[in-house]
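Q: Here is the input, now give the coordinates:
(2 chains)
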Amino acid sequence: MMGNKLVSGEKNYWLIVLVVLVILPFVAHSPLLHHLAILVFLHIIISEAWNLIGGYAGQISLGNAVFFGLGAYIPALLYLKLGVNLWIGLLIGIAVSVGLSVVIGYICFRLHGVFFAFATLAVAEVFKLIFIIRKDITQGPMGITLPYRGESILEMSFASKLPYYYLALTFSILSILTVYCVSKSKLGYYLLAIREDETAAKSIGVNTVFVKIIAFILSAILNSIAGFLYITYIRYIDPYVAFGLNISLIQALLTIMGGAGTVWGPVLGTLVLIPLLELFRVYFATLSGVNYMLHGLLLMVIILLRPQGIISLVEGFKRWLKS
Amino acid sequence: MEGVFLQILLRGVLVGGVYALLSVGLTLIFGVLDIPHFAYGDIMMLAMYTCFWLQFFTNMPLFPLLSIIFPLYLLVGFIIYRVIVSRLMEKPALSKILFMVGLSLFLQGLALFLWSADTRFVKSELEGLYVTIGEGKISLTYIVNFIAAMVFFLGFYIWLQRTFMGKAIRASAQNRELALATGINIQKVFLISFGIATAMSAVGATLFAPTYYVGPFVGIELTLKSFMIIVLGGLGSVEGALIGGLIIGIVEAFSSYFLSSEVKELAALIIFMGILLFRPKGLLGKEVKE
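A: Have a look, this model is predicted:
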């Protein structure tokens, strides 16, 4: 009886959070707040994506930016060059990311630890170079800009931030649900087994490469959705941003900050860090490089001091409340 | 055609020799300390900037600069080991990777903050001088820097083979527990290895700088290049670094001649992926630690 009450209580609690998030933009009109919320939702998507592969499977991917970059570039280039609708571009971008994640996964998942990390970094570097070199198609290091074409959901161009807010909110909820479902499924347990001891997982019959590729596919899909949201919202991207180390690493940073290998860790990490980082970025806008330094420094400090993330503090607090 | 072929080959070998010196430090760090040094190239980037600014303020020629760079980066290596790396030794592999990537990002940001994203160039006093070989000519900078790199590489190799410290380092790389049991001061071995590796990479970066550019983001390219080279030659093998360096140098030379100079980095990366796919243990077939 107690158990049932607790579950239904928790459900109501989530419903309240959702309702608050839906009506929030109407209560608080500040565009800055809307912008911040969109950034938070966007980062929740990519950090949950990294969480699947880095948190659950324990494989440090430094190449997730590949899928983010393709998710941004493919719809934008198809739209600009061929006039393909952005939403169809999104689907094509996702399809390409899925195909590519299978290929990259097949090559890289036979490697372990450092070798996997280096190989994924090399893949991201390959894509960055390709997009810089093929100036005829991608406009090279100049990057691409999406023009404003009036209010239209088909063109994904809006003067107000609200449509982006709801889109990003929807996709971030989807990303959390994805990780939640994975964590409750066999796949999640397989991934955890791989993280703890890959050889042992293999010996009890887990097809480790296959399982890791499935997680990588999900991670790629989420990243390319985030890339799509990024390009349609910011309306500009260049190869250094799209395929840069920073995009791959911020996912890792947020996930570990919150708690890797948990459903809510990346959400917590994003909620704490992104507003802080954004404030910092705005404040030090004239000083380039400061945000890189901060990201790097935070990652180092967390790894040394609290590699389990903030969520371990929250759980400790919950336990303390119960006792 | 044959003349052209030989010329490209020579060009590749000249660059490859410098690459070998660039990457030999990483193989030492992997072999002895087992640290995934993702900030390896970023420290080389700092060395290149040091070079640039020393030249800028004192107008020193390149080779006397080495007498400052070597001891300076030996010290930098010692400090980084004491302050950072020694705290990491007992951490799990995943933490080590993420920590070192964090350091890399931090150093990139630091360079961007201090010196902006402008591309800068280190001068060589041999600029504009060429040696005519057959029908083509090769810049004297490449030849002299190759010779200097080989002198350092050979000196390092002999130091590892002949001195007591060198032997202790090789013993620790082969079997850490056994080395400890024979009374080798492993902490000292780690410290010296990291310092020497950093100094060698800084010298390599100094010799490489005149034929390249300096910018906040060259580090990641150099890290990847060094890693490719030592994987090609077999991780932890000093001779392997030489062979890997020559291979990458030659591949880049041919691809920049037949395709374009922009594609050369790409060609090396794609060959590297191919090697990972078909021969993950490196070309020399040495066992790669997992």
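
Q: only C-alpha atoms for contact and neighbour calcs from this point on.
A: Noted.

Q: quick one: the helices in the stretch 101-250 of chain A?
A: Counting by DSSP state H, counting those that start in this stretch, the stretch 101-250 of chain A has helices at residues A:113-133, A:135-138, A:162-184, A:186-196, A:198-203, A:208-234, A:239-242, A:245-258.

Q: wait, which of those helices is closest to A:Val102?
A: Closest approach to A:Val102 among these (Cα to Cα): helix A:208-234, 6.2 Å.

Q: Could I get the buried residue list for the closest one?
A: Buried residues in helix A:208-234, defined by neighbour count with 16 or more other Cα atoms under 10 Å in any protein chain shown: A:208-209, A:211-233.

Q: cool, and stretch A:19-26?
A: Residues of stretch A:19-26 classed as buried by neighbour count (16+ other Cα under 10 Å): A:Pro25.

Q: any residues touching that stretch, and which ones?
A: The contact list for stretch A:19-26 (Cα atoms under 8 Å, 6 or more residues apart in numbering or on different chains) reads A:34, A:162, A:166.

Q: can you list the residues you listed in JSON lines and add neighbour count and distance to chain B?
A: Formatted as JSON lines, the contacts of stretch A:19-26 follow (neighbours: other Cα atoms under 10 Å in any protein chain shown; distance: Cα to the nearest Cα, whole Å):
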{"residue": "A:His34", "neighbour count": "19", "distance to chain B": "28"}
{"residue": "A:Leu162", "neighbour count": "16", "distance to chain B": "33"}
{"residue": "A:Tyr166", "neighbour count": "17", "distance to chain B": "32"}
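
Q: Dump the residues you listed into CSV; add pLDDT as well.
A: Output for these, formatted as CSV (pLDDT from 0 to 100):
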residue, pLDDT
A:His34, 88
A:Leu162, 85
A:Tyr166, 91
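
Q: Tell me the one of those nearest B:Val144?
A: Using Cα to Cα, A:His34 comes nearest to B:Val144 of the contacts of stretch A:19-26, at 59.2 Å.

Q: right, and that closest one touches A:Lys161 too?
A: Yes: using Cα atoms under 8 Å, A:His34 makes contact with A:Lys161 at a distance of 6.6 Å.

Q: Around chain B, pick out the residues from the stretch 201-323 of chain A.
A: A:246, A:287-300, A:303, A:307 (Cα under 8 Å from any Cα of the partner chain).

Q: I'd like to know which of these are buried.
A: A:246, A:288-300, A:303, A:307.

Q: among those residues, which are in helices?
A: Among these, the ones falling in helices (DSSP state H) are A:246, A:290-300, A:303.

Q: farthest pair in the residues you listed?
A: Farthest apart among these - using Cα to Cα - are A:Val290 and A:Ile303, which lie 20.0 Å from each other.

Q: low pLDDT regions in the chain?
A: Picked chain A for this. A:1-10 (pLDDT under 70).

Q: I was after chain B.
A: B:1, B:134, B:280-290.

Q: Please enumerate the helices of it.
A: Under DSSP H, chain B gives helices at B:2-28, B:40-58, B:62-80, B:86-88, B:93-115, B:140-162, B:164-174, B:176-181, B:186-208, B:218-233, B:238-258, B:264-278.

Q: could you redo those helices as TSV and give each row distance to chain A?
A: Shown next, in TSV, are the helices of chain B (distance: least, Cα to the nearest Cα, whole Å):
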stretch	distance to chain A
helix B:2-28	13
helix B:40-58	13
helix B:62-80	14
helix B:86-88	8
helix B:93-115	4
helix B:140-162	25
helix B:164-174	18
helix B:176-181	20
helix B:186-208	18
helix B:218-233	7
helix B:238-258	13
helix B:264-278	6
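
Q: Report the central residue of chain A.
A: Centroid check for chain A by Cα atoms, centre = their mean gives A:Ile46 as the closest residue, at 0.2 Å.

Q: Name the secondary structure element that contains that one.
A: helix A:31-50 (DSSP states H and E).

Q: which helices and strands sit right next to that helix?
A: Using 3 or more Cα pairs under 8 Å, 6 or more residues apart in numbering or on different chains; DSSP states H and E as the contact test, the elements touching helix A:31-50 are helix A:162-184, helix A:208-234, helix A:245-258, helix A:265-283.

Q: and these as a markdown table, adding distance to A:Leu77?
A: Output for the helices and strands packed on helix A:31-50, formatted as a markdown table (distance: least, Cα to Cα, whole Å):
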| stretch | distance to A:Leu77 |
| --- | --- |
| helix A:162-184 | 20 |
| helix A:208-234 | 11 |
| helix A:245-258 | 20 |
| helix A:265-283 | 28 |
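
Q: Out of those helices, which gets nearest to A:Ala76?
A: Proximity to A:Ala76 (Cα to Cα) singles out helix A:208-234 among the helices and strands packed on helix A:31-50, at 7.4 Å.

Q: which strands and helices sit next to that closest one?
A: Other elements packing on helix A:208-234 under the criterion 3+ Cα pairs under 8 Å, 6+ apart are helix A:31-50, helix A:65-77, helix A:86-108, helix A:162-184, helix A:186-196, helix A:198-203.

Q: Show the contacting residues for B:Ile29.
A: If a contact means Cα under 8 Å, 6+ apart, then B:Ile29 has B:35-37, B:193-194, B:197, B:236 as its contacts.

Q: With neighbour count as new columns, can these be given to me in TSV?
A: Below are the contacts of B:Ile29 laid out as TSV (neighbours: other Cα atoms under 10 Å in any protein chain shown):
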residue	neighbour count
B:Ile35	20
B:Pro36	24
B:His37	24
B:Ser193	26
B:Phe194	29
B:Ala197	26
B:Gly236	27
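
Q: Could you check how many residues crowd around residue 132?
A: Looking at chain A here, since you left the chain open. 21 (other Cα atoms under 10 Å in any protein chain shown).

Q: think we crossed wires, I meant chain B
A: Residues within reach of B:Thr132, counting by other Cα under 10 Å, total 11.

Q: try A:His29
A: When neighbours are counted by other Cα under 10 Å, A:His29 registers 10.

Q: Can you list phi and psi of it for me?
A: The phi and psi values for A:His29, taken as degrees, to the nearest 10, are phi -90, psi -10.

Q: And it, how far from A:Leu162?
A: A:His29 is 10 Å from A:Leu162, where distance means Cα to Cα, to the nearest Å.

Q: What about B:Leu74, how many residues nearby?
A: B:Leu74: 22 neighbours (other Cα under 10 Å).

Q: Understood, closing this out.
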